[in-house]
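A.B. asks: Pasting the sequence and the predicted coordinates here, then a few questions.
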Amino acid sequence: MTRHRMHRREGQLSIAGKFSFLMVSILCILILIPMVFTFLYSFFPKGEIETYLKGRGNYDQTHWMEILYSPAQFSLRQYYKIFIEEPTYLKLFCNSAMYTGAILLGQALVIPLTSYCLSRFTFKGRDALFFLILILMILPFQVTMAPSVMMLRWMGIMDTVWAVILPMCFSPFYIFLLRQFMVGIPNELLEAGMVDGVGPIRGFLHVILPVCRPIIGAAAALSFADTWNMVEQPLVYLANKQALQPLSVMFNQISTERADVAFAGSALYILPALFVYFFFQEDIVAGIQLSELK
Amino acid sequence: MFHKKKIVYLLLLPGLAGILAFYIVPFFGGIYYSLMDGTFESNFVGLANYERVLNNKMFQLGLRNTWELSLMCAPVIWLLAFLLSAMLKSLKDHSVMFRNVLLLPYLMPSSAMLLIWLLMFDYGGVINRLVVQLGFERQLWLEGDALRFPIVLLYIWKNLGFSVVLFSSALAAVHPSLYEYASLEGAGWWTQAFRITLPQILPTAFLVFVLAWVNAFKIFKEVYFIGGAYPTEAVYTLQHYMNNKFAKLEYQDVTTAAYLFAVGVMVLFAMMYASKAVRSPDER
């Protein structure tokens, strides 16, 4: 029955369907091209890519940059240089990994618990607090930037890694996202537990958390993407500490100074995001649908 | 639902402390700050800071650019996302794969795309080849006003998939029989998309537009990657203004500009809230 139906459905692709198929395919290829070429160019020999990049910025009307499709020789030299010869790049990469790891860990400790309180308890000022979180969520980072810096300075953590990590651990958006999901969990689940004498803490650990697995996956993936690509916060909070900057901030500089390995660098930087994406794909889609503020 | 359990205060403590320290106190502290002068005695100056910032040339430039950039990004994203999700719907089983490809850039660090972008938009690069193929003159994409184009494109590349997902979930709820009737009546694809689909999902469509707009209003990363910290005038955004004021330690101007910025975002958000598409589940 199912097979028959599937067959019928596939055969049903109308003319509009075929046209859509073509259009969307073309667009998808266009979207993938920059990434594909980044990976491709990362396997070019250093010298070849360096000469190629030097051809940029030629304003001769008759001159075109070639489009390179395959290297003169397939090479791992760029990667070798990054990993072994010149670890500056690798250090920045590790900075990024450290920030992302620390922030995700912090968020895991704080955010589900806070969302739980906001969704499953009644207490004074709950709605006001939630409304504030909603507002803070949509505000751009710069709005609280200057007072935040004074706060961080007062705490004595300005220009340290904590200035970047700690505020992000309480990111309002993810509190909101998890709260939206938790509100939707049927009350019966918790009530059944309460009859058996399950208190708020065990209710959280054994009832709520397992049900929330998909949304936690989505939040983790979205938060990963956020922190892996963060620019604004380190740019301000670590203004005087270049050695502590994550890679995302330094790419601008690297692409001009170390053009010979920049493609391998970019490819390496994309890779973790790619893994996260393939692992959490479906969760991410579900998570985005929830962020619709319903 | 737990009522009147004292333990909630204990559980809430870490989260609340962090939100208070890093978000709420700075938010309200900032309002206080924007009403004071920057001297040691901190005199109350009322709205003088606002007046000064509003009259500042660079602030006006930043505001205008941010406004224009967001108005370039948001409608394009909205229209493309709508058409794409309508197309995806007619693809049935194949649509998941395509949707996932469209969403992929949303997770990618746009900083890593910088170099390939610069290559594509070089004077002798692929984009100009295309431009010449279509019979136009080559452009200097990486200078002056044209610099907006690669930036907007990078922004759209990254954020399109998000809106497609929102649209697609709304489209899935439209009843298929509506299309069957329309087909019987002889309505074509465009007619169906704009006469049936769009009216059916109007609240979501509005929401997607405002969300795209609010987010595009915060555009900075892409500009920073391509244009740097001190970009040419055409792409100097509000956030550049604030970052640069900040570097000069002129905190009053930063916070004051920030609150003007916040008001702008709030107005957009209020429009969204008023559309009634936004309601917390409790209220429904």
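C.D. replies: Arrived safely.
A.B. asks: For chain B, give me its nearest residue in the stretch 101-250 of chain A.
C.D. replies: A:Thr114 (3.0 Å; C-beta to the nearest C-beta). Where you see a C-beta, it was placed from the backbone N, CA and C, and this is true even at glycine.
A.B. asks: And the residue in the stretch 1-150 of chain B positioned nearest to chain A, which helix or strand is it part of?
C.D. replies: Per C-beta to the nearest C-beta, B:Gly15 is where the stretch 1-150 of chain B lies closest to chain A, at 3.0 Å. If you go by DSSP states H and E, B:Gly15 is part of helix B:7-19.
A.B. asks: in that helix, what counts as buried?
C.D. replies: Across helix B:7-19, burial judged by 16 or more other C-beta atoms under 10 Å in any protein chain shown covers B:Val8, B:Leu11, B:Leu12, B:Pro14, B:Gly15, B:Leu16, B:Gly18, B:Ile19.
A.B. asks: looking at it, the residue of the stretch 1-150 of chain B closest to chain A is touching A:Cys117, isn't it?
C.D. replies: Yes. The criterion here is C-beta atoms under 8 Å, and B:Gly15 meets it with A:Cys117 at 7.2 Å.
A.B. asks: what's the overlap in contacts for those two?
C.D. replies: Listed as contacting both B:Gly15 and A:Cys117 by C-beta atoms under 8 Å, 6 or more residues apart in numbering or on different chains is no residue at all.
A.B. asks: what about the residue nearest to A:Met23 when sequence neighbours are not counted, which helix or strand?
C.D. replies: In this structure, A:Met23 finds its nearest non-sequential neighbour in B:Met87, 6.2 Å apart by C-beta to C-beta, 6 or more residues apart in numbering or on different chains. Applying DSSP H and E as the criterion places B:Met87 in helix B:57-90.
A.B. asks: Could you look up the next helix or strand downstream of that helix?
C.D. replies: helix B:95-107.
A.B. asks: Quick check: buried residues in the helix holding B:Met87?
C.D. replies: Buried residues in helix B:57-90 (16+ other C-beta under 10 Å): B:58-59, B:61-63, B:65-66, B:69-70, B:72-74, B:76-78, B:80-90.
A.B. asks: cool, stretch A:151-163 as well?
C.D. replies: For stretch A:151-163, burial by neighbour count (16+ other C-beta under 10 Å) applies to A:Met151, A:Leu152, A:Ile157, A:Met158, A:Thr160, A:Val161, A:Trp162, A:Ala163.
A.B. asks: Farthest pair within those?
C.D. replies: A:Met151 and A:Val161 (16.5 Å; C-beta to C-beta).
A.B. asks: and the helix holding B:Gly15, what does it pack onto?
C.D. replies: With contacts taken as 3 or more C-beta pairs under 8 Å, 6 or more residues apart in numbering or on different chains; DSSP states H and E, helix B:7-19 sits against helix A:88-120, helix A:126-138, helix A:161-169, helix A:172-183, helix A:200-202.
A.B. asks: What is the distance between the following helix or strand past the fourth one and the centre of its chain?
C.D. replies: Helices and strands here follow DSSP H and E; after helix A:172-183, the next one along the chain is helix A:187-195. A distance of 35 Å separates the C-alpha centroid of helix A:187-195 from that of its chain, computed with C-alpha atoms, centre = their mean, to the nearest Å.
A.B. asks: how far off helix A:88-120 does helix A:187-195 point, in degrees?
C.D. replies: Direction vectors for helix A:187-195 and helix A:88-120, defined by axes from the mean of the first three to the mean of the last three C-alpha atoms, to 10 degrees, enclose an angle of 80 degrees.
A.B. asks: before we move on, the earlier item: which non-adjacent residue is nearest the residue of the stretch 1-150 of chain B closest to chain A?
C.D. replies: Per C-beta to C-beta, 6+ apart, closest to B:Gly15 is A:Thr114, 3.0 Å.
A.B. asks: And B:Lys218, by the same measure?
C.D. replies: Per C-beta to C-beta, 6+ apart, closest to B:Lys218 is A:Pro140, 4.3 Å.
A.B. asks: For that neighbour, give me its contacts.
C.D. replies: Counted by C-beta under 8 Å, 6+ apart, A:Pro140 has contacts B:Phe217, B:Lys218, B:Gln239, B:Phe261, B:Ala262, B:Val265.
A.B. asks: mind checking pLDDT for it?
C.D. replies: What the model reports as pLDDT for A:Pro140 is 77.
A.B. asks: where's it relative to A:Thr256, distance?
C.D. replies: In this view, A:Pro140 and A:Thr256 are 28 Å apart by C-beta to C-beta, to the nearest Å.
A.B. asks: Please apply the same query to B:Glu185.
C.D. replies: 60 Å.
A.B. asks: same deal with A:Asp283?
C.D. replies: Taken as C-beta to C-beta, the span from A:Asp283 to A:Thr256 is 37 Å.
A.B. asks: out of those two, which sits in the busier spot?
C.D. replies: A:Asp283 (19 against 12; other C-beta atoms under 10 Å in any protein chain shown).
A.B. asks: which ones are touching the residue nearest the centre of chain A?
C.D. replies: Most central residue of chain A, judged by C-alpha distance to the mean C-alpha position with C-alpha atoms, centre = their mean, is A:Ala225 at 0.3 Å. Shown in contact with A:Ala225 (C-beta under 8 Å, 6+ apart): A:Ala273, A:Val276, B:Tyr106, B:Leu107, B:Met108, B:Pro109.
A.B. asks: Let me see the backbone angles for A:Thr122.
C.D. replies: Main-chain torsions, A:Thr122, degrees, to the nearest 10: phi -110, psi 130.
A.B. asks: per-residue pLDDT, the nearest residue to it once chain neighbours are set aside?
C.D. replies: Excluding the flanking residues, the one nearest A:Thr122 by C-beta to C-beta, 6+ apart is B:His3, at 5.2 Å. pLDDT recorded at B:His3 is 70.
A.B. asks: what are the ranges of the strands in chain B?
C.D. replies: B:2-3 (DSSP state E).
A.B. asks: Could you chop chain A up by domain?
C.D. replies: A:2-79, A:81-290 (automatic domain parsing).
A.B. asks: Tell me which of these is the most buried.
C.D. replies: domain A:81-290 (a mean of 19; mean count of other C-beta atoms under 10 Å in any protein chain shown).
A.B. asks: measure that domain end to end?
C.D. replies: Domain A:81-290 has an end-to-end distance of 43 Å (criterion: C-alpha to C-alpha, to the nearest Å).
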